[in-house]
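*Asks:* fold the following.
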Amino acid sequence: MKIAMVAKYLGLSALVLAVGVGCATAPEETTLTETTTEVSDLKAAAQAISDARAAVNKARSVDGLWPSTEDVLNQASAAYDAGDYEKAIQLAKRAQNEAEQGYNQALLERAKALLQEAKQYESSMNADQLNTLREAEAAIARFEGERAYALLSGLLSELRASLMNYTVERGDSLWGISGKDDVYGNPYQWPLIYKKNQDQIKDADLIYPGQEFAIDKFPSQADSDAAIDHARTRGAWSIGVTEESDRAYLDQ
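*Replies:* I've put the predicted structure just below:
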């Protein structure tokens, strides 16, 4: 089809050139106008088919291509080969529109799945991350699949890099976990783990093997300073009791 397209375009271009230089066998002026129009229509049809094929490939890359869309594109190519450029343009634009809708719908479904995952981290998000989450929710509500997917993909990449899960082992303590090199490397930051997982930890001095703790690897400086200050000034403690100083820290 591409070879035929080039041949048609070159053939028509040669005809127009021959008329322009005054060839003895040149057609009448009205024929020149018709030929120029045909060249214009041919180029428009070729471009429309090219745009449609690009949209089809894009939709296919995300498994969003509708079964009928490629058939419509093939019909556009057939109309082009038959010289019916108006029909070729109409069909190509229809194929492009379908492909763009399929692409958007596929990304919209992916964005919805990412949104559910992102919501699991909502309590850990900073203000900017929460704003991104709200923007993505609004984009989904407006059926803007591509924008929603882009926002949530970036947000989750950031969240996954900043969060880790830790499974408590026998002999662990919040102090010891916080001091590990792959956690904070500073035992005085243990209150960060306590606050992050307060739904599981009733007493900061009593944790159990098998518990799964979420750990924010990159806390804000303010949160880190507050945690260290609490660890240093907590006061007396005893196992099985939630100290008042701990309650006050959690309420900050």
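
*Asks:* show me where the stretch 151-252 of the chain has strands.
*Replies:* Here the stretch 151-252 of the chain has its strands, by DSSP state E, counting those that start in this stretch, at 163-167, 212-216.

*Asks:* please identify the most buried of those.
*Replies:* Most buried of the strands of the stretch 151-252 of the chain by mean neighbour count (mean count of other CB atoms under 10 Å) is strand 212-216; its value is a mean of 18. C-beta coordinates here come from the backbone N, C-alpha and C atoms, glycine included.

*Asks:* partners of that one in the sheet?
*Replies:* Strand 212-216 has its sheet partners listed here by DSSP bridges as strand 163-167 (antiparallel).

*Asks:* before we move on, the earlier item: which of the strands of the stretch 151-252 of the chain sits closest to Ser238?
*Replies:* Ser238 lies closest to strand 212-216 among the strands of the stretch 151-252 of the chain, at 22.1 Å (CB to CB).

*Asks:* mind listing the helices for the stretch 101-250 of the chain?
*Replies:* Using DSSP state H, counting those that start in this stretch, the helices of the stretch 101-250 of the chain run over 127-141, 145-162, 174-179, 190-196, 221-233, 244-250.

*Asks:* figure out which of these is closest to Ala82.
*Replies:* Nearest to Ala82, of these and by CB to CB, is helix 145-162 at 35.0 Å.

*Asks:* for the closest one, the averaged confidence score.
*Replies:* Across helix 145-162, the average pLDDT comes to 93.

*Asks:* which other helices and strands contact it?
*Replies:* helix 85-119, helix 127-141 (3 or more CB pairs under 8 Å, 6 or more residues apart in numbering; DSSP states H and E).

*Asks:* figure out how far the shortest one is from the centre of its chain.
*Replies:* Put plainly, it is helix 127-141. 13 Å (CA atoms, centre = their mean, to the nearest Å).

*Asks:* now do it: which elements does it pack against?
*Replies:* Partner elements for helix 127-141 (3+ CB pairs under 8 Å, 6+ apart): helix 85-119, helix 145-162.

*Asks:* returning to that earlier point: now the helices of the stretch 101-250 of the chain as JSON lines including mean neighbour count?
*Replies:* Formatted as JSON lines, these follow (neighbours: other CB atoms under 10 Å):
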{"stretch": "helix 127-141", "mean neighbour count": "15"}
{"stretch": "helix 145-162", "mean neighbour count": "18"}
{"stretch": "helix 174-179", "mean neighbour count": "18"}
{"stretch": "helix 190-196", "mean neighbour count": "23"}
{"stretch": "helix 221-233", "mean neighbour count": "15"}
{"stretch": "helix 244-250", "mean neighbour count": "15"}
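
*Asks:* out of those helices, which is closest to Ala48?
*Replies:* Ala48 sits nearest to helix 145-162 of all the helices of the stretch 101-250 of the chain, at 21.9 Å, using CB to CB.

*Asks:* got the contact list for the closest one?
*Replies:* Applying CB atoms under 8 Å, 6 or more residues apart in numbering, the contact partners of helix 145-162 are 103-111, 114-115, 117-118, 121, 124-125, 129, 132-133, 135-136, 139-140, 216-218.
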